[in-house]
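Q: based on what follows, work out the 3D shape:
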Amino acid sequence: MSDRAAPSARRMTSQERRSQLTEAAVDVAAAGGFQALTLDAVAERAGVTRNLIYHYFPRGRPDLLLAVVGYAGEELTHDWLTDSDVPLEERLIQNFARFFEHALEPSRVWLVHRHGRMLGDPEVTALGEEYRAVIVRAVALNHLGTEEPGPAATGALRAYLDFGERALDEWRERGLDAADVYPLLADTLLAVVGSVKGTEGSLPAAR
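A: Below you'll find the model as predicted:
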């Protein structure tokens, strides 16, 4: 028998540990909603103690909520295609495909995103709105040629996001044909854009 000691497991870095705890919190929230997101549940999921969670999330549950919503927001908004060298129809297809993949499964980040929209916590709502603004700016850049549309276009695009998210949930929950949802959402978006394009309220706000 060898006397050589077994190598010890590599210690996680602070960033790796925080990511592990965030992943565990996302799993808990996706499965049971934010009411299930307790420190005990996350500690059990991650195989750690409550005290360790406080080390990385000093306020406990409020900080975990923000970490979960931030994780979902990053996943849903990163790499949105706005390259003007790519035909608009192709950009539309690729950008919609991201939401369709998450919504029609549904993925855990979609569930977390939708749970967060209904939570009513001011900090969670404010953070969620930051990510919604990312999408509004990207859509405005693709369809209106500016990341800073005026109030009419901004309001219309935000309302469209509400419609689109609800429509995707309805399609999934009712077992409808996924092939039918793309033309509905694409045509609706183009109609919304057409209704505000060229109006004073769609122009960038004066600096």
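
Q: if I look at the residue nearest to the spatial centre of the chain, how far off is Ala133?
A: The C-alpha lying nearest the average C-alpha coordinate of the chain belongs to Gly73 (CA atoms, centre = their mean; 3.0 Å). Spatial separation of Gly73 from Ala133 under the definition CB to CB, to the nearest Å is 10 Å. C-beta here means a position set from N, CA and C on the backbone, and glycine is covered the same way.

Q: could you pull up the residues touching the residue lying closest to Ser14 once chain neighbours are set aside?
A: Residue nearest to Ser14 in three dimensions, not counting chain neighbours: Tyr56, with 7.5 Å by CB to CB, 6 or more residues apart in numbering. With contacts taken as CB atoms under 8 Å, 6 or more residues apart in numbering, Tyr56 has the following neighbours: 14, 17-18, 21.

Q: if we go to 7 Å?
A: Taking CB atoms under 7 Å, 6 or more residues apart in numbering as the definition of contact, the neighbours of Tyr56 are 17-18, 21.

Q: right, and Leu119 touches Phe34 too?
A: Yes - when contacts are counted by CB atoms under 7 Å, Leu119 is listed as touching Phe34 (5.3 Å).

Q: any chance of the contacts of Tyr56 in TSV, with neighbour count and pLDDT too?
A: As requested, the contacts of Tyr56 are arranged in TSV below (neighbours: other CB atoms under 10 Å; pLDDT from 0 to 100):
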residue	neighbour count	pLDDT
Arg17	17	94
Arg18	15	95
Leu21	22	97
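
Q: in helices only, show me those.
A: In helices, defined here by DSSP state H, the members of those are 17-18, 21.

Q: tell me which of the residues you listed is nearest to Asp177?
A: The shortest gap between Asp177 and any of the ones in helices among the contacts of Tyr56 belongs to Leu21, at 39.3 Å (CB to CB).

Q: quick one: that closest one and Val42 touch, right?
A: Yes - applying CB under 7 Å, one finds Leu21 in contact with Val42, separated by 6.5 Å.

Q: overlap in contacts, the two.
A: With CB under 7 Å, 6+ apart, Leu21 and Val42 have common neighbours Ile53.

Q: about what we covered before: gap between the residue nearest to Ser14 and Thr49?
A: If you go by CB to CB, the gap between Tyr56 and Thr49 works out to 12 Å.

Q: cool, and Ala67?
A: From Ala67 across to Thr49, the span is 18 Å (CB to CB).

Q: the two: which is more packed in?
A: The residue with more neighbours, out of Ala67 and Thr49, is Ala67; 20 against 11, by other CB atoms under 10 Å.

Q: enumerate every residue touching the nearest residue to that one once chain neighbours are set aside.
A: Nearest residue to Ala67 in three dimensions, chain neighbours excluded: Thr22, at 4.7 Å (CB to CB, 6+ apart). Contact criterion CB under 7 Å, 6+ apart gives 67-68, 71 as the residues in contact with Thr22.
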